[in-house]
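Asks: Output the structure for:
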Amino acid sequence: MTATLPDAYKEVMLVGVISEGDSEVQWAGMTEDITAMDFGEKEIEGKALVNGGRVVQFTPMTDESITLKIYDTKADDQTTDSAIQYFHKQGTADTTNPIAVDNVITRQKFGLIFLWASTLPATAGAQPTAAEVAYRIQIINAYMTKYTPSFDDKIKSAEVTFKWAPFQKDGSANKREESQDNSGAQLPAGITTATSF
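Replies: Residues are numbered from 1 along each chain as shown. The predicted structure follows:
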């Protein structure tokens, strides 16, 4: 079979969010609702030498982040239409109505899965069909650093930003990008924890 790829990935996608100690929760996603993807910089600086030449000095890679627009309708925990308890992790998650979420100083780690495919599986972390094309970005050890509610376009929404260091303390990666064509080779299932591939 000849491998074929789309001209571009657009419109619908799957977003899986895994908070530390929990399982994957699906956020419905439109590609256009990713308002910012900053995947860091590997800057260099040329140092002048007395003979007019230059020596290149490397600057450590900067932190990475992604900002999504979501349409949350609840303050619940671990649901497809809520995010505020991800930002303010309660000592014990409040899932009983009426729900109250207090500001807290604690933070938690997240695993993120972004999947584009010609035919989407049930979840972002599911294995894409071997006969389909797919592109996946997986991130571990991320933190939600911003939750900004808004009423743009007369619809309640929020922009949430996840940020992570590009590498762990031991130098291993916190982000992985991968793809498959429709030639039969298949991506494995996605991450299942917030802290490891």
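Asks: Just give the closest residue to residue 14, not the sequence neighbours.
Replies: If the residues on either side of it in the chain are set aside, residue 14 comes closest to residue 124, at 3.8 Å by Cβ to Cβ, 6 or more residues apart in numbering. C-beta here means a position set from N, CA and C on the backbone, and glycine is covered the same way.
Asks: My read is that the one you found contacts residue 116, right?
Replies: No. The pair residue 124 and residue 116 does not pass the contact test of Cβ atoms under 8 Å, sitting 9.9 Å apart.
Asks: Need the overlap of contacts for the two.
Replies: Residues touching both residue 124 and residue 116 comprise residue 136, with contact defined as Cβ atoms under 8 Å, 6 or more residues apart in numbering.
Asks: Those two: who's more crowded?
Replies: Under the criterion of other Cβ atoms under 10 Å, the comparison of residue 124 against residue 116 puts residue 124 first, with 29 against 23.
Asks: which SS class is the more buried one?
Replies: The three-state label given to residue 124 by DSSP: H, G, I helix; E, B strand; the rest coil is coil.
Asks: swap in residue 110?
Replies: strand.
Asks: and if you look at residue 153?
Replies: At residue 153, secondary structure determined by three-state DSSP is helix.
Asks: give the contact list for it.
Replies: In this structure, residue 153 makes contact with no residue, judged by Cβ under 8 Å, 6+ apart.
Asks: Need phi/psi at the residue nearest to residue 14.
Replies: Dihedral pair for residue 124: phi -60, psi -30, per degrees, to the nearest 10.
Asks: Which parts of this protein are strands?
Replies: Counting by DSSP state E, one finds strands in the chain at the ranges 12-19, 25-30, 34-38, 44-48, 54-58, 64-70, 109-117, 134-150, 157-164, 175-180.
Asks: tell me, which of those is the model least confident about?
Replies: Mean pLDDT across those is lowest at strand 25-30; the value there is a mean of 84.
Asks: Could I get the CA-only coordinates of that strand as PDB?
Replies: Listed next in PDB are the C-alpha coordinates belonging to strand 25-30 (Å, rounded to 0.1, in the frame of the first residue of the first chain):
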ATOM      1  CA  VAL A  25     -10.300  13.000  30.700                       C
ATOM      2  CA  GLN A  26     -11.400  14.100  27.300                       C
ATOM      3  CA  TRP A  27     -11.700  17.700  26.300                       C
ATOM      4  CA  ALA A  28     -13.500  18.300  23.000                       C
ATOM      5  CA  GLY A  29     -11.100  20.200  20.800                       C
ATOM      6  CA  MET A  30     -11.100  22.300  17.700                       C
END
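Asks: still on that earlier bit, turn the strands of the chain into TSV, columns for distance to residue 128.
Replies: What follows is the strands of the chain, written out as TSV (distance: least, Cβ to Cβ, whole Å):
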stretch	distance to residue 128
strand 12-19	10
strand 25-30	15
strand 34-38	19
strand 44-48	37
strand 54-58	36
strand 64-70	20
strand 109-117	5
strand 134-150	4
strand 157-164	22
strand 175-180	6
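Asks: Looking at those, spot the one closest to residue 90.
Replies: Of all those, strand 12-19 sits nearest to residue 90, with 11.8 Å by Cβ to Cβ.
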